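# Here's a sequence, model it:
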Amino acid sequence: MARRRITPEDGRRALTSVAAGSAGRPDLAMAVRFTLEELAELAPGNSVEVRVPPFGVTQCVEGPRHTRGTPPNVVEMDASTWLALVEGRTTWPDAVAAGKVAASGQRADLSAWLPLFGPRG
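Have a look, this model is predicted:
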């Protein structure tokens, strides 16, 4: 189970603020970190590292545990792309095809867990 730092109430408030276009940097950071915590809860494990610089990183997805150096399965994107994926405003294939997601490794496909909130494709 992922270690929680952000309450669901605070996380959803930050997401609402971002969606409304009224979020400052602290709310954007909280929304990203909250949703990374949600992903780690939904897909527990340590085989994929998801990076949303400069706001957060998490390890998730069952499989071989990574312990040193660069993990073999890495997903990286900016905050706006991450939140669009989380909320279902874009799809994993579309974001990857547009070059908005850098994903390497056999397990670096998060489409089975996205969107976290909103309609699933």
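
# Tell me where the chain has helices.
8-20, 25-42, 79-87, 92-97 (DSSP state H).

# show me where pLDDT drops low in the protein?
1-3, 66-69, 119-121 (pLDDT under 70).

# can you rerun that using 50?
The model of the chain has pLDDT under 50 over residues 121.

# Next one: the most centrally placed residue in the chain relative to residue 113, how far apart?
By CA atoms, centre = their mean, the chain has its centre lying nearest to residue 36, at 4.5 Å. The gap separating residue 36 from residue 113 is 12 Å, by CB to CB, to the nearest Å. Glycine gets a C-beta too; all of them are placed from N, C-alpha and C.

# swap in residue 44?
Applying CB to CB to residue 44 and residue 113 gives a distance of 11 Å.

# overlap in contacts of these two?
Listed as contacting both residue 44 and residue 113 by CB atoms under 8 Å, 6 or more residues apart in numbering are residue 60.

# more neighbours, these two?
residue 113 (18 against 13; other CB atoms under 10 Å).

# and the end-to-end length of stretch 104-114?
By CA to CA, to the nearest Å, the extent of stretch 104-114 from end to end equals 17 Å.

# likewise stretch 75-92?
Start-to-end, stretch 75-92 (CA to CA) is 11 Å.

# Now do it: everything it contacts.
By CB under 8 Å, 6+ apart, stretch 75-92 touches 15, 18-19, 28, 31-32, 35, 38, 48-53, 55, 95, 100-103, 108-111, 114-121.
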